[in-house]
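Asks: Got a predicted structure here, sequence first:
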Amino acid sequence: MDNNVLSFYSNVFGLFIGATSILGVLLGFCRSHLPSQRIKELEELLGETHGLYESAVEDGFLPDDMLRRQMGERLAVLREASFNLRSRAYSATTLFKEYQEFFKGLSYSIGVTCCDVKELRASVIVSS
């Protein structure tokens with residue numbers, strides 16, 4: 001009988017440790033995708049893309065005026081979206097508020113904008 005009780009408590013302890021470990025991994029994953037982390041990536045991408053665009057324009061690698069204007073307008077739209085996302089990300093000053101914004105989809109929105117910036121960057125590189 002004592003063996004069954006010991007076995008039961010060992011199982012409960014194992015389940016508790018396993019659940020705690022899984023929770024820790026999930027929180028670590030979510031923390032790396034919090035808006036404050038993702039917005040840094042977006043800012044770096046946007047800065048790099050802007051630099052590539054300016055270099056391509058200055059060096060004359062984008063001779064087509066319409067293409068250059070479209071890329072410039074797209075860059076301006078993405079920069080405006082970045083400002084809006086940045087204000088939301090930086091207004092979350094506590095970890096709790098950051099998780100709230102994460103679950104409201106701010107990190108997803110930042111990720112979508114990052115993909116758009118990467119597509120524009122690729123267009124600038126391919127066109128130049």
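Replies: Sure, I can see it. Residues are numbered from 1 along each chain as shown.
Asks: Going by neighbour count, which residues in stretch 52-66 are buried?
Replies: Neighbour counts using 16 or more other C-beta atoms under 10 Å place Leu52, Tyr53, Ala56, Val57, Leu62 of stretch 52-66 among the buried residues. The way it works is simple: take the backbone N, C-alpha and C, and place the C-beta from them, glycine included.
Asks: Tell me where this structure has helices.
Replies: Taking DSSP state H as the criterion, the chain carries its helices at 2-32, 35-58, 65-91, 95-104, 106-127.
Asks: Let's have those helices in TSV, adding mean pLDDT.
Replies: Formatted as TSV, those follow (pLDDT from 0 to 100):
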stretch	mean pLDDT
helix 2-32	81
helix 35-58	94
helix 65-91	94
helix 95-104	91
helix 106-127	94
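Asks: From the buried residues of stretch 52-66, pick the one nearest Leu95.
Replies: Nearest to Leu95 among these is Leu52, at 35.0 Å by C-beta to C-beta.
Asks: ok, the residue lying closest to the closest one once chain neighbours are set aside - contacts?
Replies: Nearest residue to Leu52, sequence neighbours excluded (C-beta to C-beta, 6 or more residues apart in numbering): Val124, at 5.0 Å. With contact set as C-beta atoms under 8 Å, 6 or more residues apart in numbering, Val124 has these partners: Thr49, Leu52, Tyr53, Ala56, Leu62, Met71.
Asks: Those into a markdown table, with extra columns for distance to Leu42?
Replies: Output for these, formatted as a markdown table (distance: C-beta to C-beta, whole Å):
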| residue | distance to Leu42 |
| --- | --- |
| Thr49 | 10 |
| Leu52 | 16 |
| Tyr53 | 16 |
| Ala56 | 21 |
| Leu62 | 23 |
| Met71 | 18 |
